[in-house]
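>>> Below are the sequence and a predicted model for it; my questions follow.
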Amino acid sequence: MSKPDLPQIPDYAAILETICAEVQPLLHQGKVASYIPQLSKVSRDRFGMAVYCLDGRTFSIGDAQQKFSLQSVTKLFALALAFSREGDSIWERVGREPSGNPFNSLVQLEYEKGKPRNPFINAGALVMTDILSSRFVESDIAVLQFARMIADEISVDFDLAVARSERDTAHRNYAIAHLMKDFGNLHNPVKTVIDSYCRQCSITMTCAELAKAGSFLAQHGTIPWSGQQILDASSAKRLNALMLTCGTYDAAGDFAYRVGLPAKSGVGGGILALVPGELAVAVWSPGLDHTGNSLAGTYALERFTTLTSRSIF
Ligand code: GLN
């Protein structure tokens, strides 16, 4: 009887080259987010990808050293910080189910009495900001410091032009926040929460920094290069599960089908994905599909799991 094939150690450098060539025709198909006016200034033909292996090896291609707006990817940092400090009590105020609705939808909130489905849609992220605002003097600074620590990079910062641009047009997020306030699920002033949330979303990183920043979630909650424990292994496992089921909005089912990794996306065009026990991979391409996920980025990750034979399934 022949033995099943053991997984090979992939040639990541060659695989990234292949993917970068393959995505080129897709770079003109997505639509750059314009509801935050400042984001629409980014050219859509950019593409970068970076891999951070838990043994410290790194690989990158294209615009992997270019900073971009993390947007909803920062919801993962806010959740990790809130979960590490507050534990299971956060689940009294936010759920753990996919919403099946767009990330900025209001409809479910009304009939579910102001309790958001999960921490990765805007409503749930605003509750996380509220929880952090009750704990820290400035929640956005707490998230920024957390992001700098997990990326091991002091230059990580807000893009205040993006934050202002979002704040000045944040009518829908204001509506979500006011509705939750009315249901008693927002404890701080609406304006405080929106301002902090917009600054948090404006944090920029490169793909290389983002892959490194996500690596603790691939290593059971412990930062690989320092050994510092951010979350216990069980909590890290749970965040991975939430990323898989809710991390790419109402496309999470299709993303799991195509890519098969826990991931978190943002409307800046970034996606962070994890191969637990092995690596973190970040991709950036600003052209989005109709669900608000990077079109070329999703395809790049689909090819990555296919070409490396790595996925959680
Ligand atoms: N700051 C953005 C918003 O609230 C984040 C959305 C996203 O990346 N999906 O609309």
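Cool, the structure landed. Numbering: from 1, shown residues only.
>>> which parts of this protein sit against the ligand?
Neighbours of the ligand within the chain, by Cβ under 6 Å from any ligand atom: 71-72, 103-104, 122, 166, 173, 201, 266-267, 292. To be clear about C-beta, it is placed using only N, CA and C from the backbone, and glycine gets the same treatment.
>>> Just name the closest of these to A300, please.
Nearest to A300, judged by Cβ to Cβ, of these is G266 at 15.2 Å.
>>> Return the backbone torsion pair for that closest one.
Dihedral angles phi and psi of G266 (degrees, to the nearest 10) take the values phi -150, psi 160.
>>> neighbours of it, just the number please.
Residues near G266, counting by other Cβ atoms under 10 Å, number 27.
>>> In the chain, which residue sits closest to the ligand?
Per Cβ to the nearest ligand atom, S72 is where the chain lies closest to the ligand, at 3.0 Å.
>>> That residue contacts C201, doesn't it?
Yes - here S72 reaches C201: they are 7.0 Å apart, a contact under Cβ atoms under 8 Å.
>>> Pick out whichever of the two has more residues nearby.
With other Cβ under 10 Å as the criterion, S72 and C201 differ in neighbour count, and C201 comes out ahead with 32 against 25.
>>> Need the residue closest to the centroid of the protein.
Nearest to the mean C-alpha position of the chain, counting by Cα atoms, centre = their mean, stands V73 at 2.4 Å.
>>> Might one say that it is in contact with A263?
No - taking contacts as Cβ under 8 Å, V73 lies outside contact range of A263: 9.5 Å.
>>> which residues are common contacts for those two?
Both V73 and A263 are contacted by 271-272, under the criterion Cβ atoms under 8 Å, 6 or more residues apart in numbering.
>>> Just say helix, strand or coil for the residue nearest to V259 when sequence neighbours are not counted.
Here the nearest residue to V259 in space, its sequence neighbours aside, is L301; by Cβ to Cβ, 6 or more residues apart in numbering that works out to 4.6 Å. At L301 the chain is in helix, as set by DSSP: H, G, I helix; E, B strand; the rest coil.
>>> Who are the contact partners of L301?
Here L301 is in contact with 259, 261, 263, 271, 273, 281, 283 (criterion: Cβ under 8 Å, 6+ apart).
>>> So it versus P224, what's the distance?
In this view, L301 and P224 are 21 Å apart by Cβ to Cβ, to the nearest Å.
>>> go on, R310?
According to Cβ to Cβ, R310 and P224 sit 17 Å apart.
>>> ok, now I36?
With distances taken as Cβ to Cβ, I36 is found 33 Å from P224.
>>> For G270, grab phi and psi.
The phi and psi torsions at G270 (degrees, to the nearest 10) take the values phi -90, psi 150.
>>> who does the closest residue to it other than its chain neighbours bridge with?
Ranked by Cβ to Cβ, 6+ apart and with sequence neighbours excluded, the top spatial neighbour of G270 is W284, at 4.7 Å. Listed beta-bridge partners, W284: G48, G270 (assigned using DSSP bridges).
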